[in-house]
Each structure stands twice: as C-alpha cells, then as structure tokens.
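> next one to model:
(chains A and B)
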Amino acid sequence: MASSALRAPLSLRVLTKGFIIFWLILAAFPFIWTLWGSFKVELDFFSIADWTNALTGANTERTHGSPFTGAGYEGAWVQEEFWRSVINTFIVCFFVVCTSLTIGTLGGYALSRSGYRYTFWLLITALIFRAMPPITLVSGYLLPFFEWNVWGILPTTIIVLVAINQPFTLWMLHSFFQNIPKELDESAKVDGCTQFQAFRLVIVPVMWPGVITTGLFSFLLAYNDFAVTSMLLSESNRTMVPEIAAFLGTTQTEGNVMFAVAAVVSATAPLFVLVMFFQRQIVSGLTAGAVKG
Amino acid sequence: MKHRTFFWFFLPTGLAMLLFIAAPIVSVVIQSVTAQHEPVLITVETCTPFSCTEETTIDQEATRELREARPLGRFVGLDIYLDRGHLAVAEVAEAWRTSDSIGAFFSELGDLPFYRAIGFTLTYTFTVTPLLIILGMAIALAVNTLTQKLKGVVIFFSLLPMIVTPLVGSLIMFWMIDNRGVLGNFLSWLVNDPDLSVKASTPLMWIALIVYGVWHSAPFAFVVFYAGLQTLPEDQIEASQIDGATRWQQVRYIVVPHLMPLVTFVALIQLMDNFRVFEPIVGFNASAHATSLSWIIFNDMGGETRQLSAAAATSVLTILGVAILLSPVLVRTWRDFKGKM
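Predicted coordinates:
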C-alpha cells in the first residue's frame, strides 16, 4: 500500500500505532516482567507493600546485598535438580522429532503420490485423531502400560508423543509434498528407479524446507506437552513442564515460589531462541492452511 | 503408486496411529463400561453355646485371584455414565422435580461436577473464540500498515504468547494477577479495594481464564489473517476508492469478505482447541472456581486412587463433544475433496 492516495488520515495513523503498542505490551510485558522478577527475592516479586519493590529490588538488596540475585535459579537448578528435567526434555524432544519426521515423511509422501480413494479416508481419519484431546487417550494408556510394566519410562512417552504427533505431521507433509511436482520422481522411475529409490534420490534432497517447518511444530508439541508427560512419566523421569507443575505443589508450602519462577524462565528461554531463528518457518507453517484443518 | 508400495510407505505411521490412538480409544470405551471387581466376601458363622454370630470378612486371596484372572473388571453397562460424577441422571431428575424455577434448576446443576465442567468449558469455548478472532483481525489490519522492517519485530513479539508452553504462560499470568503481583495490585488500586483477590472470586477467575485464552490464541488468528491480507485484491480496493468508499467501508465490504474463508478456518480450529482447555486451570490453580472436562479426566487419573473407569467415561463423553464440534470441519473437507475430483 504505497500509493499516496491511500495515506491514512493522522487520527487513524495515531490510533493504529497506539493499538500496536498496546498489543506489543500485552504480548511481551508478562515475559519481560517475569524475567526481571526472577532475579529478585519473593518479597519483591510478590510485593504487598509497594509494587515498585519489584522494579528496584529493595528487599533483594537487603537480603543479598545487590538488587539482583540468582538465588531462585540456584535453588531450582542445583537444590531441586531441575537440570535432570532439562536433560529429559531434550532427550524426549530429540527422539520425538527424529522419529515422527522419519515415519511422517514416508507416510506423507505416499499419501501425496497415491491417487486412490483410500488416501482421502486416511487423511480424514488423521484429522479426527488430530482433534482428540490427548488427555482422553491417556486414560486408555494407563491400564495396559501398568499391565506390561512400561509405565514411567522415557521410551514409552516418546512413542506416545510420536503417535499423537503423526496426524498433524502427515497433513503438513502431505500438503508440502503435493507442491513438489510429480514429474520429478516419475522421470526417475522411468529411468529405472524403484519408488523408494526415487524418493531417496530425487525427493529427499528437495524436501528439507518442508521437513524443517514440520519438525519445528513437532518439537513444540513435544516440548509444550503437559497432559501426556505428567501422566506417563515417573517422578525421576519427569520432563520440564510436569516438573514445574510439581514445583508448585511442593515449593509453595516451603515459601520457595522463586524456584518455580526461575524454572519457568528457564523453560521459556529455548522457545525465545527458537522463534528468533525460525520465525519465518513458523509463520509459513501456521499459514499453510491445510495444516490444521 | 501401487497399493503394495503405498502399504510399505504408510506402514510405520499407520501402525503408530493404530496402536497409540485407535487402540486407546477402544480401550477407553471398554474401561468406561467396566469397574473393578467387588471384593469377595465370605460369611463365617461362629457359634458359642449361647448364641451364633455371623461375621463377614473380605476373602483377600479370592479377591486377588479374581482380579488377576480378569484384570478388566466386571461389566457394569452404562452405570458409570449415569452416576453422580458424570451425567447424574437421578440427581438431574430430582433437581428438575424439586426446583421451582429454571434458575434454581441450573444452580442445582452447577453443583454436579460434570455439568459444572460442561458449563465452564462451553462458556470458555464460545467466548474465547469470537474474541480472539476480533483481536487477531485488528492486529493483522494494524500491522499491515507498518513498514517492512517494523513488521518483523512486531511479528516476533506477537508469536510469543502462542509459542510459549500453555502451562508456563498461564503461570506467568497467574503470578501477575496474584493479589501481591503487579496486575493484582493495579486492579485493587483501580477499584480502590485493597482486599480484592482474583483467586478468591469465581467471576474474576473466569474472566482471567478467558483473558488468558484470548492472549494465548490471538497470535494464531493474527498470523493467518495477516497472510490473507497479503493476497488482497488491489484492483477491487482501487475500484471502491473511485466509487468513494470510506476506509471503513473498504474494510467492511472488501477486506472482511476476502478473509471470510480464513475466519471460518480459524474459528473451526479454535473451537476444537478451546474445547480441550486444561493447562490454564492447572496453572491458575482455579479448580475451585472453574473446571473443564479435560481437567476432570486429569484429576480422576492422578493421585493415589486412580479412578480409571471414571476418567474413561468422562473421556468418552469428551470425545463425543469433540465429534460434534468436528462435524462441520469434516463436511467442509468432504466438499473440498469432492470439488477436486
């Protein structure tokens, strides 16, 4: 909209700018506030007397001699051994992303290259599965998992998360592969390749942009999950999100809310970095209409 | 592609979905119509010279044997669905008979856990969805007027509420609205009531949860609408300007109709997603004021007593709810598909 005839009147421009600033504050302020507050003591972060204490850190200075303190982080990471959950989270996310991309690319590719009617029904089934709240599935897992003695360990959770990821992955990769011209692999087949060779030699080299976008969303699903991880992991194998939930139960009574605040900031940091580097892929993934519907 | 090749390509993902999505649904349905075996009782009569007393004890060994032989439990039909924790048919009928007005009837219903959860879940779903569409549309229209450089920064910050872990996001919000937190402080200063506590009031808690829901999902609507705005038909806009359309009329008659398919898309997705509202209730520690269907399932499964049958019955009812919300999406996909054929 560069034409000068389209220039908005001043009042409208001020209104628009004001609204954007309002939205930016709404979107970013909670994160900045919590990041700032995580370096304070509880009396500052939750201040009845004077809310500016949270900014200046009056009580923090009194207790620790400086307006910033890493006590919350130390408590969470060292005393409560939050690093264990961090390692568990990254193990879970890594294997979930790798496995669901591997089997998802094969499936999505097949769906996009087969013209038969059953592909439609498979996609519809995947859509229905995508709509199932994970927590309703979890109640179906518990009994068999107890029975087979596989409850509480990381591999079980990884497989479950991969499966829950599949419908979404299939839809996304299916629509992505449909945009890769069929002639590519067909000409490879004319040259004597089998279907799998055509896939491996011709499609794999050009599929990475779509796979990376899909992988990001798989990662987010595994990283953000609470329902599955909190019900299927034993206490020693917890990932970050259920661990934070567990903090709330134990620390509030001991007056160590700041441990939870520090843990929350620690868990948000990787997501910040992710958005920073992959903003374009995330936006393109969200807008690939077929993806979610 | 040949059927055979297709089969091998699709096998791993198909198997994963079959074993861990389809099978659990079947397992949930089975669990919801079975309950654990009652303990086996034995009655022993002990007679003294004067009288005989009957004593009933639990036969531990027989109970264990029975439970091991048939771990699924006994078939109870629809009993679990109809009990007080779920559809509560008897209680509802009772309330219908005894309450003298519709209002009284609904407040009786509100005491039953399942209806309480349904009440909040539906309120949440049907307020958050329209609000986030309006907010998302407003942000998209505003951001579209910015210069290229600023857009990137604004989109970066706009994505944060959506990308952040739902539990973490709700905790961040919860700490701020705590009556010792910054927003809680501000609110009580605003209404000049130092004792105001969002945590203690049901309506305020509902509003807080809804605000959180809009905050969390508006970026999704924004990104989708923003992408739609990039394909706006320039010629139509120009034609309308020549015809003397005001800025508002351009938005109302060209931009919004152009984005309408996307609005439907966002609405359908968000209805399904908001229906599963769960993490905010845990994060806000709000279960005393608001519960959702997902939260009930979670609550039944956790803790010492894992009430799997109760959780399973609620799960089946939730799945039915999702199915109702999903049906328009399915119809739409079916039409798209037929259009392509």
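> now do the phi/psi pair for the residue of chain B most remote from its centre.
Among the C-alpha atoms of chain B, the one farthest from their average position, using Cα atoms, centre = their mean, is that of B:Pro49, at 65.7 Å. Backbone torsions for B:Pro49, taken as degrees, to the nearest 10, come to phi -60, psi -20.
> what's the answer for B:Val44, then?
In terms of degrees, to the nearest 10, the main-chain angles of B:Val44 are phi -120, psi 130.
> residues near the nearest residue to it once chain neighbours are set aside, how many?
Distance criterion Cβ to Cβ, 6 or more residues apart in numbering or on different chains; nearest residue to B:Val44, sequence neighbours excluded, is B:Glu55 at 5.1 Å. For every residue, glycine as well, the C-beta is placed using N, CA and C. By the criterion of other Cβ atoms under 10 Å in any protein chain shown, B:Glu55 has 9 neighbours.
> hang on, B:Glu55 in a strand?
Yes: under DSSP: H, G, I helix; E, B strand; the rest coil, B:Glu55 sits within a strand.
> how about it, what does it touch?
For B:Glu55, the residues meeting the contact criterion (Cβ atoms under 8 Å, 6 or more residues apart in numbering or on different chains) are B:Thr43, B:Val44, B:Glu45, B:Thr46.
> do you know how far it is from B:His37?
B:Glu55 sits 22 Å away from B:His37 when distances are taken as Cβ to Cβ, to the nearest Å.
> returning to that earlier point: need the max-distance pair from the contacts of B:Glu55.
Pairwise distances across the contacts of B:Glu55 peak at 10.6 Å for B:Thr43 and B:Thr46 (criterion: Cβ to Cβ).
> pull the helix or strand containing B:Gly152 out as CSV, backbone CA atoms only.
Counting by DSSP states H and E, the secondary-structure element that holds B:Gly152 is helix B:148-163. Output for helix B:148-163, consisting of C-alpha atoms alone and laid out as CSV, is shown next (Å, rounded to 0.1, in the frame of the first residue of the first chain):
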residue,chain,number,x,y,z
GLN,B,148,8.6,-3.9,6.3
LYS,B,149,11.3,-3.5,9.0
LEU,B,150,8.9,-2.9,11.9
LYS,B,151,6.6,-5.8,10.8
GLY,B,152,9.3,-8.4,11.6
VAL,B,153,9.8,-7.1,15.1
VAL,B,154,6.1,-6.9,15.8
ILE,B,155,5.5,-10.4,14.5
PHE,B,156,8.3,-11.8,16.6
PHE,B,157,6.8,-10.4,19.8
SER,B,158,3.3,-11.4,18.7
LEU,B,159,4.3,-15.0,18.3
LEU,B,160,5.5,-15.3,21.9
PRO,B,161,2.2,-15.8,23.7
MET,B,162,1.2,-18.5,21.3
ILE,B,163,4.5,-20.4,21.2
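> which residues does that helix contact?
The set of residues external to helix B:148-163 that reach it, using Cβ under 8 Å, 6+ apart, is A:20, A:23-24, A:27-28, A:31, A:220, A:271-272, A:274-276, A:279, A:282-283, B:139, B:143, B:146, B:169, B:215-220, B:222-223, B:226.
> tell me the mean pLDDT over the one helix or strand A:Phe277 maps to?
Using DSSP H and E, A:Phe277 maps to helix A:257-287. Across helix A:257-287, the average pLDDT comes to 90.
> pLDDT (mean, whole number) over stretch A:106-121?
Per-region confidence: stretch A:106-121 scores 90 on mean pLDDT.
> only C-alpha atoms, please: export it in PDB.
Taking C-alpha atoms only, stretch A:106-121 is exported to PDB below (Å, rounded to 0.1, in the frame of the first residue of the first chain):
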ATOM      1  CA  LEU A 106       7.400 -41.700   4.300                       C
ATOM      2  CA  GLY A 107       3.600 -41.600   5.100                       C
ATOM      3  CA  GLY A 108       3.100 -38.100   3.800                       C
ATOM      4  CA  TYR A 109       5.000 -38.800   0.600                       C
ATOM      5  CA  ALA A 110       2.900 -41.900   0.000                       C
ATOM      6  CA  LEU A 111      -0.300 -40.100   0.600                       C
ATOM      7  CA  SER A 112       0.600 -37.300  -1.800                       C
ATOM      8  CA  ARG A 113       1.600 -39.700  -4.600                       C
ATOM      9  CA  SER A 114      -1.200 -42.200  -4.500                       C
ATOM     10  CA  GLY A 115      -4.300 -41.300  -6.300                       C
ATOM     11  CA  TYR A 116      -6.600 -43.900  -4.800                       C
ATOM     12  CA  ARG A 117      -9.700 -43.000  -2.800                       C
ATOM     13  CA  TYR A 118      -8.400 -44.500   0.500                       C
ATOM     14  CA  THR A 119      -5.800 -41.800   0.800                       C
ATOM     15  CA  PHE A 120      -8.700 -39.400   1.400                       C
ATOM     16  CA  TRP A 121     -10.200 -41.600   4.100                       C
END
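> buried residues, that stretch. List them.
Of the residues in stretch A:106-121, those buried under the neighbour-count criterion (16 or more other Cβ atoms under 10 Å in any protein chain shown) are A:Leu106, A:Gly107, A:Gly108, A:Tyr109, A:Ala110, A:Leu111, A:Ser112, A:Arg113, A:Ser114, A:Thr119, A:Phe120.
> how about stretch B:69-89?
Using 16+ other Cβ under 10 Å as the burial criterion, the residues of stretch B:69-89 that qualify are B:Gly73, B:Ile80, B:Tyr81, B:Leu82, B:Asp83, B:Gly85, B:His86, B:Leu87, B:Ala88.
> next one: the regular element (helix or strand) spanning B:Phe10 to chain centre, how far?
Assessed by DSSP H and E, B:Phe10 sits inside helix B:3-17. Taking Cα atoms, centre = their mean, to the nearest Å, one finds the center of helix B:3-17 at 31 Å from the center of the full chain.
> ok, now how distant is B:Lys199 from B:Val44?
From B:Lys199 across to B:Val44, the span is 54 Å (Cβ to Cβ).
> ok, now how distant is A:Pro181 from chain B?
In this view, A:Pro181 and chain B are 15 Å apart by Cβ to the nearest Cβ, to the nearest Å.
> can you give me phi and psi for that residue?
With angles defined as degrees, to the nearest 10, A:Pro181 shows backbone torsions of phi -60, psi 140.
> before we move on, back to that, in the helix holding B:Gly152, what counts as buried?
Of the residues in helix B:148-163, those scored as buried under the neighbour-count criterion (16+ other Cβ under 10 Å) are B:Val154, B:Ile155, B:Phe157, B:Ser158, B:Leu159, B:Leu160, B:Pro161, B:Met162, B:Ile163.
> mind listing what A:Trp23 touches?
A:Trp23 is in contact with B:Ile139, B:Ala142, B:Ser158, counting by Cβ under 8 Å, 6+ apart.
> so where does the closest residue to the last one other than its chain neighbours fall, helix or strand?
Distances taken as Cβ to Cβ, 6+ apart put B:Pro219 closest to B:Ser158, at 5.0 Å, once the chain neighbours are dropped. Here B:Pro219 sits within helix B:202-229, counting by DSSP H and E.
> what's the angle from that helix to helix A:257-287?
Per axes from the mean of the first three to the mean of the last three Cα atoms, to 10 degrees, the angle that helix B:202-229 makes with helix A:257-287 is 30 degrees.
> does any part of the helix or strand following helix B:202-229 sit near chain A?
Helices and strands here follow DSSP H and E; after helix B:202-229, the next one along the chain is helix B:234-242. Yes: judged by Cβ under 8 Å from any Cβ of the partner chain, helix B:234-242 and chain A are in contact via B:Gln241.
> what's helix B:234-242 packed up against?
Contacting helix B:234-242 under the criterion 3 or more Cβ pairs under 8 Å, 6 or more residues apart in numbering or on different chains; DSSP states H and E are the following elements: helix B:247-250.
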